[in-house]
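[1] how would this look folded up:
(chains A and B)
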Amino acid sequence: MEKPLTQHIVPGRKPLNLQEYEKVGGYQSVRKVLKEMTPQEVQTLVKDSNLRGRGGAGFNTGLKWSFVPMGDDAATPKYLVANADEMEPGTFKDRVLLEGNPHQLIEGMIVSAYAIQASISYVFMRWAYKLAAKEITQAIHEAYDAGYLGKNILGSGFDLEMHLHTGVGRYMCGEETALLNALEGKRANPRAKPPFPQVSGLFGKPTIVNNVETLCNIPHIINKGAEWFKKLGLTEDAGTKLYGVSGRVKTPGCWELPMGTTIRELLEVHAGGMQDGYLFKGLLPGGASTDFLVEEHLDLPMDYPSIQNAGSRMGTGTMIILDDQTCPVGFVHNLQHFFAQESCGFCTPCREGLPWVEKILLALDRGEGKPEHLLTLDFHTKYLGPGNTFCALAPGAMEPLQSALKYFREDFERHIHEHHCPWSKTTAWQPST
Amino acid sequence: MLTTEEKYQIDHEISLVPTPKNACIEALKIVQHSHGWVSDESLKDVADYVGMSTAELDSVATFYNLIFRRPVGRHVILLCDSISCYVMGYEDIRNKLFEKLSIKYGQTTADGRFTLLPNCCLGTCDCAPALMIDNDLYRNLTVEQLDEILMKYT
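    Got it, this is the predicted structure:
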């Protein structure tokens, strides 16, 4: 089984330095595109490979690039940003790539920048990734010294600067337009679209923001082609995917596997099944902002269309398991506390609605719930849904809530009728005390 | 007053962006790095230096949870309170820290040694529960390990 993204990553070992990375074929894709391919050809190849954004949205990467104005009339400088602000609760996949093989990301960024003719690039990394920041800083230095970054790269006439920017917190920064505001030294509120960042992004210039895992795929697609990449997937979705499982399983972790590996295989083979004494109850397939899936969905392939057809989203591909001994109301309460806290406060439904949801869940958790509370929660899942808020934060927050109300409604009702949380383990979850 | 060293570092950040204002978050980080937090006085110094009003800069500073606008202890404990750590029982860790340090979230120990803050997902969910103290990450935590971990910080 081919594992292009993680083939040179050994957990616990220092990542390859530039010379070691070159020895295993590193930076060949940079040489290839600078010598043999036009930016347009790179865009077309990536589009044809059907690489879809690994940050969660799943948009075709080459297609995203194709919206960047090209040619002499295009505004300059153009920017490329690697979104390394991995903050979706339950997600820990980009950390593996950043800590394990920083040169792979830099190589992917150089090729991607060339494809859109960007001359300045940023790695926007969350504050908490200290080791990753150290490794990326070192790797950027090495790449400058070797002439892969800076002016006139490998004598091609193509210039690219690269900077590491470490953030100072806030989940919102992962949203691409909010990220751009953060990079500009502003509050990380999302921006209205259009204009899309491809046309007017960082400092008003054409900008592409791609997820770390997305960018790490680029060198391999250049070297081995679109057809090879498509064949890596088991279903219609292309490539491999970094999948993760956390929660009460025997061996939680992150693994690179063919796109379309089933949930059951992830859960039972790679994660080793549930811990002794715990039963599976449900899962969030791709982070905190995805709808619950349950037992009946376990044989679904983890790819974009299959999970979407089941009423959820693959998101980041890192699953969080809900077991039978964790209170589903407490679980959802924890998620809604997170979203209420991380709302940027810009639009009213999100700023006011999420704390309301959180308060109701606290009341349920404490045994103070009333039957009409469930109707209020139902109401919020509609009015904080897509189209009613400025960005995707509140709709994302409603995904686990609406599906919990669907699959675990009896558990919500028990909290109300029994006037306490039926899970002895979980007394009321009180975030502020 | 900004020190010469701080000004030198801020100037470097300003050189990378179109206008000085764009470097304001970096400037706040630089000041926080030397003082541990951003006081009203430091905020005004930075605002003057990058050409912003203090109100505008404070609206940026208070948006970001890791810019500290109140004094913190010598070490900051960030305890992950997100979903995987919740499932794996971070509340036991939290309660033990409350008890050992005699503080709650947002407070600093009487000796100025630790400030305890909740933090959202630290991105190490396969090794939950987790916390960070300053730049150090601790994973697969049990309450029994806490004494030994805390002892490393004076």
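
[2] And B:Phe98, how close does it get to chain A?
    Distance, B:Phe98 to chain A, using CB to the nearest CB, to the nearest Å: 9 Å. C-beta coordinates here come from the backbone N, C-alpha and C atoms, glycine included.

[3] contacting residues for that residue?
    Residues counted as contacts of B:Phe98 (CB atoms under 8 Å, 6 or more residues apart in numbering or on different chains) are B:Lys104, B:Leu116.

[4] Report the buried residues of the host helix or strand of B:His12.
    In the assignment (DSSP states H and E), B:His12 maps to helix B:4-15. Neighbour counts over helix B:4-15 (16 or more other CB atoms under 10 Å in any protein chain shown) mark B:Glu6, B:Lys7, B:Gln9, B:Ile10, B:Glu13, B:Ile14 as buried.

[5] Count the neighbours of A:Met274 for me.
    Neighbourhood size, A:Met274 [other CB atoms under 10 Å in any protein chain shown]: 19.

[6] Nearest to chain A among the buried residues of helix B:4-15?
    B:Glu13 (9.3 Å; CB to the nearest CB).

[7] Most distant residue from the centre of chain B?
    Within chain B, B:Pro18 marks the point farthest from the mean C-alpha position, 27.7 Å out by CA atoms, centre = their mean.

[8] Using the three-state scheme, assign the closest residue to that residue other than its chain neighbours.
    Leaving aside its chain neighbours, B:Pro18 sits nearest to A:Phe203 (5.4 Å; criterion: CB to CB, 6 or more residues apart in numbering or on different chains). Assigned with DSSP: H, G, I helix; E, B strand; the rest coil, A:Phe203 falls in the helix class.

[9] just A:Ile321 next, same as before
    Following three-state DSSP, A:Ile321 is assigned to strand.

[10] ok, and the closest non-adjacent residue to it?
    Leaving aside its chain neighbours, A:Ile321 sits nearest to A:Gly247 (3.2 Å; criterion: CB to CB, 6+ apart).

[11] residue contacts, that neighbour?
    A:Leu283, A:Met319, A:Ile320, A:Ile321, A:Leu322, A:Asp323, B:Ser84, B:Val87, B:Met88.

[12] The helix holding B:His12: how far from the chain's middle?
    The chain centre lies 21 Å from the centre of helix B:4-15; the measure is CA atoms, centre = their mean, to the nearest Å.

[13] Let me see the residues that make contact with that helix.
    Contacts of helix B:4-15 (CB under 8 Å, 6+ apart): B:Leu2, B:Pro20, B:Asn22, B:Ala23, B:Glu26, B:Ala27, B:Ile30, B:Val31, B:Ser34, B:Val46, B:Tyr49, B:Val50.

[14] helices or strands up against the helix or strand harbouring A:Lys281?
    Secondary structure assignment for A:Lys281, by DSSP H and E: strand A:280-284. Packed against strand A:280-284 by the contact rule (3 or more CB pairs under 8 Å, 6 or more residues apart in numbering or on different chains; DSSP states H and E) you find strand A:318-323.

[15] go again using 10 Å as the cut-off
    Applying 3 or more CB pairs under 10 Å, 6 or more residues apart in numbering or on different chains; DSSP states H and E, one finds that strand A:280-284 contacts strand A:318-323, helix A:328-342, helix A:393-407.

[16] Dump that strand to CSV, restricted to CA.
    Below are the C-alpha coordinates for strand A:280-284, written out as CSV (Å, rounded to 0.1, in the frame of the first residue of the first chain):
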residue,chain,number,x,y,z
PHE,A,280,-19.6,2.2,20.6
LYS,A,281,-22.5,4.6,20.5
GLY,A,282,-21.7,7.1,17.7
LEU,A,283,-19.0,9.1,16.1
LEU,A,284,-18.2,12.5,14.6
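
[17] for the record, mean pLDDT for it?
    Model confidence over strand A:280-284, given as mean pLDDT, is 98.
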